[in-house]
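Enquirer: Here you go, sequence then predicted model.
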Amino acid sequence: MSYYKIENLEQYFKHYNKSIREPRKFWSKIASENFTWYQESEKIMEFDMAEAKIQWFVDAKVNIVKNCLDRHLSKRGDKTAIIFEPNNPGEAAQHITYNDLYARVSKMANVLREQGVEKGDRVCIYLPMIPELAVSVLACARIGAIHSVVFAGFSASAVAARINDCESKMVITSDGGFRGEKTIDLKGIIDDALNNCPCVEKVLVAKRTNASITMKEGRDQWLQPLLDEASDNNVAEIMDAEDPLFILYTSGSTGKPKGMVHTTAGYMVYTAYSFKNVFSYEENDIFWCTADIGWITGHSYILYGPLLNGATTVIYEGVPSYPDFSRFWEIIEKHKITQFYTAPTAIRALAKENLSYIQKYPLKSLKVIGSVGEPINEEAWHWYNDHVGGKRCPLVDTWWQTETGGILISALAFITPTKPTYASLPLPGIQAVLMDEKRNEIEDNQVTGSLCIKFPWPGIARTIWGDHQRYKDTYFSAFPGKYFTGDGALRDEVGYYRITGRVDDVIIVSGHNLGTAPIEDAINEHPAVAESAIVGFPHDIKGNALYGFVILKESGEYRDRENLMKEINQHVADHIGPIAKLDKIQFVSGLPKTRSGKIMRRILRKIAEGDFSNFGDTSTLLNPEIVEEIKDGKL
Ligand code: PRX
């Protein structure tokens, strides 16, 4: 019996139970039967939760890129590995076959070696969503260099901090990038960043926009001439299972970003396995994840997960609104996408627009639709399900984190019955538990608690680069012996999980715990409301009271703001109870969001409290200008 693909619900429970009773046997069988190894593991795993030391496939030797590319060539050499859809719809899409990708990655790997990059060296990749990004990532992994992809929207100071933290010796960038109407001067940003990065010896520059840029003698080189000279054959490095594969930075609630370190074999096995099962991937599917490769979602489900399964994966350079709000739907139709994976923030933005943008496209190729990154509210869930999924595609709400490497809690398409706003059940190997305030495990259902995982799975990040103590403190100390996710969750009567949001987003009003997400859901159901965010602010009697920042769908139409506030509060009272009524409502034209679409509540909390003194680091905001506007509105 193979454990790699779950065929039905009964089998899911069987596999799940096996993975709990005999985790080593379960994962060693999957690893052994579905990947190519130089040497297989005998010990399979070792761990010490108190020290936060976790190892999977101990002593095995492997190369993840050989598993992504080389082993597919005999069977799938002419199959498309990557479809590149450019920002401008007038520019032709590229279909890169497995043979082509192998050759391009091999050339790049040879260039990196010639430029002095060795196994274990860190390489910062700061590129737009173009094929060179995928090629660079894979080339690093092929030679055992540790890639540190930095989202090409971060500012010079944010890039510099990430380069210095892991002492990258090389940067791979481009002359610029296209994003909708905008052209981004990536090389200029790197030049600024490198004024403060003594560790960087070389910069390789891909050509994309043909912008005129400055090249620093002795440091910067155009990539293409180097590739032209390089051989398209490359011997992959033999890696230990626990050799670092990549570093990816994620922001903590305080302090500097955390460089999460993922290692080779466990990440490989877990991303491949979760991709296959969550999306019910089959051989001729065309998979599109709209995330950027600069985030974990792009690492795991644009690149590694799909390529490990020999899939065709799409890289889209642009944004959902360019040239208009039908672009996503047009791309799905054009490339006959079978699985579409995006974020609630994109869904809400598109749902705000006229339905005619989507109704032009039948979207019949779609089989599965997915959501990731934040709780998907009821209204967005239904819009996505009805208008994109045509009420026939399972909507998989996938819960996971940069730290987890792959999806931990999600419905498996065509297997797990879905329930709006519920991520549903943990994947095999994932021992999810809810903890109460006294740090006891909650046994009952229909309760909320802090979401923890009480046993290691292969994809978990192993440490924070250069700071194992911080890793231990952040994830393994709140609930000793368990990995603490920082999220709260509700478990319903059948054991389905609904992620209620970061635990720190819970607001206690008059002694009642109120999660922000359900209140926001209630507000968003008002026909005039596009989006909202709730924060707490100190209140003399209640302890905390609720402050709502509300974006209206069309300003002007609801001129009677007083009345509108009453209606919104009536909605909240109807859905949750009078206790959840808002004390203050401020109408705003936008919310401060990080580039990955998360509302920066820290700033809203300060504004709600009337404390305009120090908003902390706002460099990762997509729309820093909105902070001033909201602040002025409050004054
Ligand atoms: O709060 C959870 C939320 O996003 C956090 C992880 O963010 P990041 O590391 O940037 O990774 C995002 C992509 C995996 C989680 O702690 N989150 C992610 N997915 C969901 C979610 N919240 C609710 N439902 C989800 N499906």
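Expert: Everything's here; your move.
Enquirer: residue ranges with poor pLDDT in the protein?
Expert: Low-confidence regions of the chain, defined by pLDDT under 70, span residues 251-255, 504-506, 508, 510-515, 543, 555-559, 634-635.
Enquirer: Next to the ligand, which bits of it? Give me the list.
Expert: Of all the residues in the chain, those in contact range of the ligand (CB under 6 Å from any ligand atom) are 250, 296-297, 371-375, 397-402, 423, 485-487, 499, 502, 596. C-beta coordinates here come from the backbone N, C-alpha and C atoms, glycine included.
Enquirer: which residues are contacting stretch 337-347?
Expert: Contact partners of stretch 337-347, identified using CB atoms under 8 Å, 6 or more residues apart in numbering, comprise 279, 281, 285-291, 297, 301, 314, 320, 328, 331-332, 365-377, 380, 383-384, 388, 398, 413, 593, 596-597.
Enquirer: Repeat the analysis, applying 6 Å as the threshold.
Expert: Around stretch 337-347, the neighbours that count as contacts under CB atoms under 6 Å, 6 or more residues apart in numbering are 279, 285-290, 320, 365-374, 376, 380, 384, 597.
Enquirer: what do you get for stretch 574-593?
Expert: By CB under 6 Å, 6+ apart, the list of residues contacting stretch 574-593 reads 512, 514, 518-519, 522, 533, 545-551, 565, 569, 572-573, 599-600, 603, 621-623, 626-627, 630, 633.
Enquirer: if you set the cut-off to 7 Å instead, what comes out?
Expert: The contact list for stretch 574-593, computed with CB atoms under 7 Å, 6 or more residues apart in numbering, reads 509-510, 512, 514, 518-519, 522, 531, 533, 539, 545-552, 561, 565, 568-569, 572-573, 599-600, 603-604, 621-623, 626-627, 629-630, 633-634.
Enquirer: Quick one: end-to-end distance for it.
Expert: Across stretch 574-593, the straight-line distance between its terminal residues is 29 Å, by CA to CA, to the nearest Å.
Enquirer: For the nearest residue to L308 once chain neighbours are set aside, give its distance to P458.
Expert: Beyond its immediate neighbours in the sequence, the residue positioned closest to L308 (CB to CB, 6 or more residues apart in numbering) is A272, lying 3.8 Å away. To P458, A272 is 10 Å away according to CB to CB, to the nearest Å.
Enquirer: hang on, the earlier thing: sort out for me which of the contacts of stretch 337-347 are in helices.
Expert: Taking DSSP state H, the ones among the contacts of stretch 337-347 that sit in helices are A380.
Enquirer: ok so, going back, contacting residues for the residue nearest to L308?
Expert: Contacts here follow CB under 7 Å, 6+ apart; on that basis A272 touches 34, 305, 308-309.
Enquirer: cool, I44 as well?
Expert: With contacts defined as CB under 7 Å, 6+ apart, I44 is in contact with 24, 27-28, 57-58.
Enquirer: before we move on, what about R76?
Expert: Going by CB under 7 Å, 6+ apart, R76 touches 98, 310.
Enquirer: Repeat that for L434.
Expert: Counting by CB under 7 Å, 6+ apart, L434 has contacts 442, 447, 449-451, 489, 491.
Enquirer: Of those, just the buried ones, PyMOL syntax please.
Expert: One line in PyMOL is enough to select the buried members of these, burial here meaning 16 or more other CB atoms under 10 Å:
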select buried, resi 449+450+451+489+491
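Enquirer: out of the contacts of L434, which are inside strands?
Expert: Cross-referencing these against strands under DSSP state E gives 447, 449-451, 489, 491.
Enquirer: from the contacts of I44, which ones fall inside helices?
Expert: Going by DSSP H, the helices hold 24, 27-28 from these.
Enquirer: Filter the residues you listed down to the buried ones.
Expert: Burial by neighbour count, judged by 16+ other CB under 10 Å, picks out 27-28 from the ones in helices among the contacts of I44.
Enquirer: what's the closest residue to H95 other than its chain neighbours sitting at in phi/psi?
Expert: Using CB to CB, 6+ apart and skipping the chain neighbours, the partner closest in space to H95 is T80 (4.6 Å). Here the main-chain torsion angles of T80 (degrees, to the nearest 10) amount to phi -70, psi 130.
Enquirer: Quick one: neighbours of D574, just the number.
Expert: Using other CB atoms under 10 Å, the number of residues around D574 comes to 11.
Enquirer: for the host helix or strand of it, which positions count as buried?
Expert: Per DSSP states H and E: D574 is located in helix 561-575. Buried positions in helix 561-575, judged by neighbour count with 16+ other CB under 10 Å: 564-565, 568-569, 571-572.
Enquirer: Going C-terminal from that helix, what's the next secondary structure element?
Expert: As the chain continues past helix 561-575, the following element, by DSSP H and E, is strand 584-588.
Enquirer: Partner strands of that following strand, with direction?
Expert: Here the strand partners of strand 584-588, with direction, are listed using DSSP bridges: strand 543-552 (parallel).
Enquirer: among the contacts of I44, which two are most distant?
Expert: Distance extremes for the contacts of I44: the farthest pair is W27 and V58 at 11.9 Å, using CB to CB.
Enquirer: Look at K391 and give its secondary structure.
Expert: Following DSSP: H, G, I helix; E, B strand; the rest coil, the label given to K391 is coil.
Enquirer: Can you get me a residue count around D436?
Expert: D436 has 12 nearby residues by other CB under 10 Å.
Enquirer: Enumerate every residue touching it.
Expert: Counting by CB under 7 Å, 6+ apart, D436 makes contact with 442, 449.
Enquirer: from here on, count from 40
Expert: Sure, I'll start numbering at 40, so the last one becomes D475.
Enquirer: State the distance from it to the ligand.
Expert: To the ligand, D475 is 19 Å away according to CB to the nearest ligand atom, to the nearest Å.
Enquirer: buried residues in stretch 341-349?
Expert: By neighbour count on 16+ other CB under 10 Å, the buried set for stretch 341-349 is 341-349.
Enquirer: Could you list which of these belong to helices?
Expert: 344-347.
Enquirer: quick check, nearest of those residues to the ligand?
Expert: Proximity to the ligand was ranked across these by CB to the nearest ligand atom; first place goes to G344, at 12.4 Å.
Enquirer: Name the nearest residue to that closest one, ignoring sequence neighbours.
Expert: Closest residue to G344 in three dimensions, ignoring its sequence neighbours and counting by CB to CB, 6+ apart: F314, at 3.1 Å.
Enquirer: again, but for A99
Expert: Distances taken as CB to CB, 6+ apart place S80 nearest to A99, at 3.8 Å, with adjacent residues excluded.
Enquirer: just the strands in the stretch 390-539 of the chain please.
Expert: Counting by DSSP state E, counting those that start in this stretch, the stretch 390-539 of the chain has these strands, from start to end: 407-411, 434-437, 471-474, 486-492, 502-503, 522-530, 536-541.
Enquirer: OK, contacts around the residue in the stretch 40-189 of the chain positioned nearest to the ligand?
Expert: Per CB to the nearest ligand atom, V188 is where the stretch 40-189 of the chain lies closest to the ligand, at 13.6 Å. The neighbours of V188, taking CB under 7 Å, 6+ apart as the test, are 164, 176, 287, 332-333.
Enquirer: that older thread, okay but the residue nearest to H134 is in contact with N138, surely?
Expert: No. Using CB atoms under 7 Å, T119 makes no contact with N138, being 10.4 Å away.
Enquirer: E664 and S360, how far apart?
Expert: Note on E664: its distance to S360, by CB to CB, is 18 Å.
Enquirer: Those two: which is more packed in?
Expert: Shown here are E664 and S360; by other CB under 10 Å, S360 has more neighbours (17 against 9).
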